[in-house]
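Engineer: I would like the atomic coordinates for the input below:
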Amino acid sequence: MASVIAVSSSNAKSVKKVPVASAVFKVGVGMVGDAHAGADPVREVSLLALESIAKMKKGEREFEPGDFAENITTSGIDLPSMLIGTCLQAGSEVMLEVTQIGKKCHSGCAIMKEIGSCIMPKEGIFARVIKEGTILPGDQIKVIR
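Structural biologist: Below you'll find the predicted structure:
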């Protein structure tokens, strides 16, 4: 079963996000309280798989959920293979529609500054909220169409 490992937020852009106990997701906004909320209707919410994060291990450096500035960290679901238009249900309420696969990397992000590379541009995905609600770590996440 695929699940939400963490839900993370930050007050500023281009920085690591901090895991939170739960978050509200709204149509046209994304994750309420996050620095990216309401900024880009195509990239309201960012998702990255724990399996992708594991690929970035550098020596003794371990990465944690939110380190790549993703809002939702997942496990057990193949995010990089998603197609634009795929709908995901997270928890019992929230529905997300995949709007973008990967992104153009900018040199200003925290991970790029620290180690010189980042998995988010290749394996991160972006989505818009199509049904509002709350997501908590441990919630199930699944493809619904």
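
Engineer: Against Val4, how distant is the nearest residue to Leu50 once chain neighbours are set aside?
Structural biologist: Of all residues not flanking Leu50 in the chain, Ser75 sits nearest, at 4.4 Å (C-beta to C-beta, 6 or more residues apart in numbering). Every C-beta, even on glycine, is put in place using the N, C-alpha and C of the backbone. Distance of Ser75 to Val4, given as C-beta to C-beta, to the nearest Å: 8 Å.

Engineer: Could you check which of the two has the larger neighbour count?
Structural biologist: Each of Ser75 and Val4 has its neighbours counted (other C-beta atoms under 10 Å); Val4 has more, 22 against 17.

Engineer: hang on, the earlier thing: residues contacting the residue nearest to Leu50?
Structural biologist: Ala2, Ser3, Ile5, Ala49, Leu50, Glu51 (C-beta atoms under 8 Å, 6 or more residues apart in numbering).

Engineer: Convert the host helix or strand of the last one to PDB, retaining C-alpha atoms only.
Structural biologist: Element membership for Glu51 (DSSP states H and E) is helix 50-54. The C-alpha coordinates for helix 50-54 follow below in PDB (Å, rounded to 0.1, in the frame of the first residue of the first chain):
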ATOM      1  CA  LEU A  50      11.100   8.400  -0.600                       C
ATOM      2  CA  GLU A  51      12.500   6.000  -3.100                       C
ATOM      3  CA  SER A  52      13.800   8.900  -5.200                       C
ATOM      4  CA  ILE A  53      15.200  10.600  -2.100                       C
ATOM      5  CA  ALA A  54      17.200   7.400  -1.400                       C
END
